[in-house]
Structures are given as structure tokens and as C-alpha cells.
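Peer 1: Quick one: sequence plus predicted model below, questions after.
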Amino acid sequence: MTEHTKTDGLPGFEPQVLERAKPRSERMAGDKIECNACPVLCQITEGRSGACDRYANIGGTLVRVDPVILLKKAVAAGDNPVVPFVGRQQAAEHSPTAQEAAGAAAPSGSWSGDLLQADEVFVTGVGSSTTYPDYKPAPFIVSSKAADVDMVTVVTEGIFSYCSFKIKIDTDRYLGPEQANIRYKGEVVGHVTTAEYGSQMLSLGGVHHLTGGSKKEGRLTAEIMQLLGNKQAAEITIDGGSQIVVQAGRAPIVNGVEEQRMRVGCGSATIGIFAKQVFGKADEVIVVDDHITGVLTEHQAGRCLDIPPSGVKIRGRKSTPGRYFQVANPGTGWGGTDIADPLSIIEGWDAKVAWPGLQLLMTSTTGEHAAWFVLDENLVPVQMPMPVEVQAVVDRIGENCEPSLTTVLFLGGAGGSLRAGVTENPVLLTRSIKHALVNVTCGGAPAYVWPGGGITVMTDVSRMPDNSFGTVPTPAIVAPIEFTMRLSDYEALGGHMEYVRSLSSVLEHGAWHNDGAPAQRKWMQQPDINAWPAAVGPMLG
Ligand code: SF4
């Protein structure tokens, strides 16, 4: 009698998936291996690595050359050497052995078997390899317990064509016009986007530059994305603007000058914040700023303090009382304008209102530029040494400026085939994330999930392990990604349950496959700033 198995209506037979495809070329030399970890399909000679330097032919086996990075909450000194996996004993198998599934310790003593809880150990995607094309399950599908709950983490290195870096540069300086091209080694690799409060945003990379232009454009785009993702410095130039050295977590260097301070606010905000502190110490305060220049006596803050008008007339377009737009062109001078002489924004003084001896403080929004003037008999400002108590207010403005930083955010669309490495029904992964059942991390760092369709995630590269990013010559970016959820939820979303392996087995034996798998593991300490991936839900937009 034929035995019937209940199915969901799809064809009931399962084709056998080979761990590696047959070589495309019959003429491929016998000592070469075709790497199938990306569409380039490098043919790699024994002892050599492929085009991306991430996979190599070692003794006739394709190996992911970097160790897979594992996170622990605390790593003791000397606790992080690179340790080889014992390896799987039956190389031809595609599914875990019964011994592995049970988490039994392998004969080698390289893994002590302690810390088997998901709230102590986390397997990251860094160095984990990929199973491209992803109709194969992800390399690591790891079960463990967190707070006595059965959890699973699906771990892989994604190959991202649709991805970019958003760069936030804290600066008061003008970097270039919005929408201007950004060049790296002469090629256009991004553009200037909006200015935000105290910062200028840039967009680098993206599929348009990676794949839509010349080969050189794509190659250099991938190169700068890898550099910035790996927290290294890169020099960019903005058409019609500045030359900048950017590096995650460092101050930007604009036209050779390292930025120090992020503005405390626009000129109007600076007036508002410090009006009381300057009260009685100056008759007029002008905060020079390329966005909004503030004038104390006209400003609401000055009026609330009942400060009499000074009669100053400012160039630029008056917006609301005490707030002026376009007092000068953008630049690298006072307050992000192109002026070196602050008096150039003063058109004159109303002789019926101003008076000889009137004391004027002019400052930028960072306090880096400041000067003290007194009107002479002809109502002409004459620069004088700044009184100590006024200098103290200028110093306070500087003290309130945060250090200028460059922030590099990886933004990637984790859709497409990557999801098939997690589940047979990829849309269920997307839905489970949107229902807050699945936490998404990149190298253990929290990933913000954008609203709307698909899985578009954004991560601060500073929170990720060093050297998390790679490239392949398609060109595309390689980045780690992990999906952590309850085991029961994984089963419900159609996960590859037969490939779920215990944490102890993974730590001992490595990935479920031999072809293109990492051969070594390395411990790193989870940065304190990151929540433990198995303990929190996703950061949903
Ligand atoms: S570029 Fe790297 S991942 Fe792609 S086929 Fe070559 S070695 Fe493999």
C-alpha cells in the first residue's frame, strides 16, 4: 500500500539539492574548484583564493577563509584565539548528523561545552559564509535557550546589491550643494542629501552606482563601501564643495581641517538658549549662521527679557522677528557662511535708536568664532578685547557643542533569495519581522527595520564587529545578518527545521555544509552598547 503524506498542495517530491553544482566548464582543470558562493563562480586553484579573497581552495576543499565571529557577553583576556572547528565527519551529508542534532560533544577537546545558553553565546554572520543561491538553508541555523525559552538564530552572510551607506557628518561647515555628486578616486559614488540639525547627510553607494554605471564606477563604489563599513577612512570630494575624509566614529576632516564641534543649534536657538546668560553683559548679540542668524534684541527671547532695541540692520531675508535667512553664502567661515568678517552682514545702525558705546557680541553657533565690538561716536563698531564674563558665555556655547562625529549607517534590502535560506515561504519571514516575532541583527548589532514592504534594515557600523563587510565583484556588498526568534515561531514560518542544530554542535562542528564553510571560530565580546540579540525584539519603524 502506498503511504500518503500530508502536504500544503505543492508537489510532494523533494529534488535533491547538491551542495555544489557540477562545473559549468568541462575543460576546468581537475585541481580547480568552482566557488559557488556568489554569481561570479570563480575557478580557484589549489592553495589560492577567489576574486573576493574570502574563499580559497585548501587541499581540494572550498573554505571560507575568515573565522566565524561568535559573541560572548564577557571575554577573558587571552580567550579569543582562532580555533578550528572539528568539522563534520561525513562530508557528503547535507543535513546534520544525529549526533550533531543532539548536540553531543565531539571527540576533540577544543570546545569545553560550557555557556550553551543563547543569553551567553551568539553566532554572528561575520565569516559565517553564505549558501548562495539561497534555495539552500543558511549556513548556521542555531538552536539554544534564552531565559528557558527555546530559540533559534538563522545566520548568514548576505550578498547585497541593493544597499548603501548613509553618512551623517556633524559639522557647521558647508560641504556642498544638495544633490551634488560625491566622488571617490574621481568616480561618482553618491550624492549630498539633506542637511539636518547640526549635520550634513550624504548617501554613498546604492544599486545605481554599483551596477548602473561603468565597471570602474561599480568597483570603486564597492571599494569605498567596504572601507567605510569596516570603519576605515576614505577621502571623498563633493562637486562644487569640499574635500572630506570620512571614517565611522571619527571627526570628519573638511578641507584638511579636523572638525571639532557640532553646533549647539541654529542662530535663533543659540539666542534662545543663552539670552538669559548674556543679559546685562551686552546690548546686542548676533549669532551668525548660514541657516538662521539670530539677533537678540529683535528675537522673542530678547523681548521677553525686555531688552531695548539696538537699531542694528542686518543683511539677508528677515523671516520672523530676530531671525534672518541668507545673511551670506554657505562656506567654511563664520557659522557655516563664506564670511571672514562678521561685520559684513551688518548693513548699518538706526541713528535714532543706536548709541555710541553700544556693546555688541557676535558669535557663531559653535562659539569657535566670536568677537566683541563697541560703537564709536559715528556708530561704527570697533573691535575690543572681550570682557571676561562675555567670554564665559561664549565658552559655555562651545561647551554645549557635542564633539563632531562621522556616523556611517549601513542600509540594506534583505529580501530576495536571502530569505529562502531562512524559510521555504519567504514572505512569512517578512511578516514575522513586521509582527515583531523576529529580531534582526547585523553582526549582533541592532538593525532598525524600515516601515513598508520588504526587509530594509539599517545598522550603525560602529556597533558591528571590525571587518564585518566584504565585497564580491558582481559588484555587491557582503554583510552579516542574523534572524533570532522562538523555535516555535521558526517552525510556524516554514523554517528549515531539519537544519536546526544545537549551539554546542555548531560550536564544535561549524556550518551544516562542508563546501565553502568557515573552518575556524573566534570569540569577541559583545559591545555593551548593544542589547543581547536573543533578549530583545526588532527595532521596527
Ligand atoms: S568572488 Fe568570492 S564568493 Fe564570488 S565566486 Fe569568487 S571566491 Fe566565491
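Peer 2: Okay, I see it. Numbering: from 1, shown residues only.

Peer 1: CA only for contacts and neighbour counts going forward, please
Peer 2: Will do.

Peer 1: show me where pLDDT drops low in the stretch 1-150 of the chain?
Peer 2: 1-19, 88-118 (pLDDT under 70).

Peer 1: ok, now the chain?
Peer 2: Judged by pLDDT under 70, the stretches of the chain that qualify are 1-19, 88-118.

Peer 1: which bits of it sit near the ligand?
Peer 2: 35-38, 40-42, 50-52, 54-55, 472-473 (CA under 6 Å from any ligand atom).

Peer 1: ok, of those residues, which come out buried?
Peer 2: 35-38, 40, 42, 50-51, 54-55, 472-473 (16 or more other CA atoms under 10 Å).

Peer 1: From these, which land in strands?
Peer 2: Taking DSSP state E as the definition of strands, those contribute 55, 472.

Peer 1: May I see the buried ones among the residues of the chain next to the ligand organised as CSV, with distance to residue 131 added?
Peer 2: Shown next, in CSV, are those (distance: CA to CA, whole Å):
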residue, distance to residue 131
35, 11
36, 8
37, 6
38, 9
40, 14
42, 15
50, 16
51, 17
54, 14
55, 13
472, 14
473, 17
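
Peer 1: Go through stretch 358-371 and flag the buried ones.
Peer 2: For stretch 358-371, using 16+ other CA under 10 Å, the buried residues are 358-371.

Peer 1: quick check, nearest of the residues you listed to residue 147?
Peer 2: residue 366 (47.9 Å; CA to CA).

Peer 1: these two touch, right, that closest one and residue 261?
Peer 2: Yes. Using CA atoms under 8 Å, residue 366 is in contact with residue 261, at 6.5 Å.

Peer 1: list the residues that contact both of these two?
Peer 2: The contact sets of residue 366 and residue 261 overlap at 172, 398, 401 (CA atoms under 8 Å, 6 or more residues apart in numbering).

Peer 1: Same list, those residues, but as a markdown table with secondary structure please.
Peer 2: Shown next, in a markdown table, are the shared contacts of residue 366 and residue 261 (DSSP: H, G, I helix; E, B strand; the rest coil):
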| residue | secondary structure |
| --- | --- |
| 172 | coil |
| 398 | helix |
| 401 | coil |
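
Peer 1: Name the nearest of the buried ones among the residues of the chain next to the ligand relative to residue 124.
Peer 2: The closest of these, once distances to residue 124 are taken by CA to CA, is residue 54, at 16.4 Å.

Peer 1: Next up, the contacts around the closest one.
Peer 2: With CA under 8 Å, 6+ apart, residue 54 has these contacts: 64-66, 470.

Peer 1: and the helix or strand encompassing residue 301, C-alpha only, in CSV?
Peer 2: Secondary structure assignment for residue 301, by DSSP states H and E: helix 300-304. Extracted in CSV, the C-alpha atoms of helix 300-304 (Å, rounded to 0.1, in the frame of the first residue of the first chain):
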residue,chain,number,x,y,z
GLN,A,300,11.3,86.8,21.2
ALA,A,301,13.9,85.9,23.8
GLY,A,302,15.2,89.5,23.9
ARG,A,303,11.7,90.8,24.0
CYS,A,304,10.7,88.6,26.9
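
Peer 1: Now do the helices in the protein.
Peer 2: 98-102, 207-211, 215-229, 267-278, 300-304, 388-399, 426-434, 487-492, 503-509 (DSSP state H).

Peer 1: Find the one among the ones you listed with the highest mean neighbour count.
Peer 2: Neighbour counts (mean count of other CA atoms under 10 Å) averaged over each of the helices of the chain peak at helix 503-509, with a mean of 27.

Peer 1: what residues are up against the residue nearest the centre of the chain?
Peer 2: The chain has residue 409 as the residue nearest its centroid, 2.1 Å off, counting by CA atoms, centre = their mean. Shown in contact with residue 409 (CA under 8 Å, 6+ apart): 165-167, 458-461.

Peer 1: Out of those, list just those in strands.
Peer 2: Reading strands off the contacts of residue 409 with DSSP E, I get 165-167, 458-460.

Peer 1: Closest to residue 119 out of the residues you listed?
Peer 2: When the ones in strands among the contacts of residue 409 are compared against residue 119 (criterion: CA to CA), the nearest one is residue 459, at 21.5 Å.

Peer 1: Could you pull up the residues touching the closest one?
Peer 2: 409-411, 442, 445-448.

Peer 1: now swap in residue 462 and tell me
Peer 2: 231, 248-249, 407-408.

Peer 1: cool, and residue 532?
Peer 2: Per CA under 8 Å, 6+ apart, neighbours of residue 532: 119, 444, 526.

Peer 1: now swap in residue 30 and tell me
Peer 2: Neighbours of residue 30 in contact, by CA under 8 Å, 6+ apart: none.

Peer 1: which residues in the stretch 201-350 of the chain form strands?
Peer 2: Secondary structure of the stretch 201-350 of the chain (DSSP state E, counting those that start in this stretch): strands at 234-238, 243-246, 253-254, 257-258, 284-288, 293-295, 312-314, 317-320, 323-325, 346-349.

Peer 1: Turn those into a markdown table, columns for mean neighbour count.
Peer 2: Output for those, formatted as a markdown table (neighbours: other CA atoms under 10 Å):
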| stretch | mean neighbour count |
| --- | --- |
| strand 234-238 | 19 |
| strand 243-246 | 21 |
| strand 253-254 | 21 |
| strand 257-258 | 12 |
| strand 284-288 | 27 |
| strand 293-295 | 29 |
| strand 312-314 | 18 |
| strand 317-320 | 13 |
| strand 323-325 | 22 |
| strand 346-349 | 16 |
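
Peer 1: Tell me which of those lies nearest to residue 420.
Peer 2: Nearest to residue 420, of the strands of the stretch 201-350 of the chain and by CA to CA, is strand 234-238 at 34.7 Å.
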